[in-house]
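In: Sequence first, predicted model second:
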Amino acid sequence: LKKDSRWEAVTGGNLDKSERERLFDEHIDHLIAEKKEAFRSLLEEQRDVPLDAAFKDIKKNIRDDPRYNKFSSSDKKCEKEFGCWLRDRVHQARAQYRQLLMETKLITHKSLQMIKDKEGNHMEEIEEVLCKDSRYHIMEPLNDDRADILMSYLEELERRGPPPPPTASEPTRRK
């Protein structure tokens, strides 16, 4: 490095050793973040990766891609990053499923009581409406989790009670 003309600018310039080390560490962190982002984009490109996928199943499809080898030569490190990526996807899928539940007009504060009283087949009606949306199907591998989220949402709605009338929250809209 000392033969490089830029070395003199760094050592003879205004930068002390701690500042040079800080800049070097920032640069290394930036390079690591770029490799991690490239690896995650490789994972995103994989079609139909279920939310309960195992790394060994996905590895077959991605091991020949240069982004896989550039990220790390260690399978354990790649597997760890895959686990983090998958957890992020599961978290996102759960949030999207909750959003779907909020958007479903059939689900009200009375729904849980109707299910408990077995009035008709309200649960089947709810699931029939939900299954028309892709956010419901993405959660298929986590079916128990999907049911838990639905039940907790129904309990939350029942606990909150009926929503306030629209005019109660926006008095300026009254005429």
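Out: Received, thanks.
In: Tally up the residues packed near residue 32, please.
Out: Residues near residue 32, counting by other C-beta atoms under 10 Å, number 12. The C-beta positions use only the backbone N, C-alpha and C, and glycine is treated the same way.
In: In which helix or strand does it reside?
Out: helix 17-45 (DSSP states H and E).
In: and residue 175, what pLDDT?
Out: Note on residue 175: pLDDT of 50.
In: can you offset everything so residue one is 558?
Out: Sure, I'll start numbering at 558, so the last one becomes residue 732.
In: where along this structure do the strands fall?
Out: With DSSP state E, there are no strands along the chain.
In: Quick one: low-confidence residue ranges for it.
Out: 558-559, 564-572, 725-732 (pLDDT under 70).
In: so what's residue 609 up against?
Out: 698, 699 (C-beta atoms under 8 Å, 6 or more residues apart in numbering).
In: how far does the helix holding residue 589 sit from the chain's center?
Out: Taking C-alpha atoms, centre = their mean, to the nearest Å, one finds helix 574-602 lying 22 Å from the centre of the chain it belongs to.
In: Can you list the buried residues in that helix?
Out: Residues 596, 597, 599, 600 are the ones in helix 574-602 that count as buried (16 or more other C-beta atoms under 10 Å).
In: Which residue lies closest in space to the last one, excluding its sequence neighbours?
Out: This points to residue 600. residue 642 (5.1 Å; C-beta to C-beta, 6 or more residues apart in numbering).
In: Do I have it right that that neighbour meets residue 598?
Out: No - applying C-beta atoms under 8 Å as the test, residue 642 and residue 598 come out as separate, 10.3 Å apart.
In: Quick one: neighbours of the residue nearest to residue 600, just the number.
Out: When neighbours are counted by other C-beta under 10 Å, residue 642 registers 18.
In: now it: how far from residue 670?
Out: Residue 642 sits 40 Å away from residue 670, taking C-beta to C-beta, to the nearest Å as the criterion.
In: Could I get the full set of helices for this structure?
Out: 562-568, 574-602, 612-619, 623-628, 632-660, 668-673, 679-687, 691-695, 700-717, 723-726 (DSSP state H).
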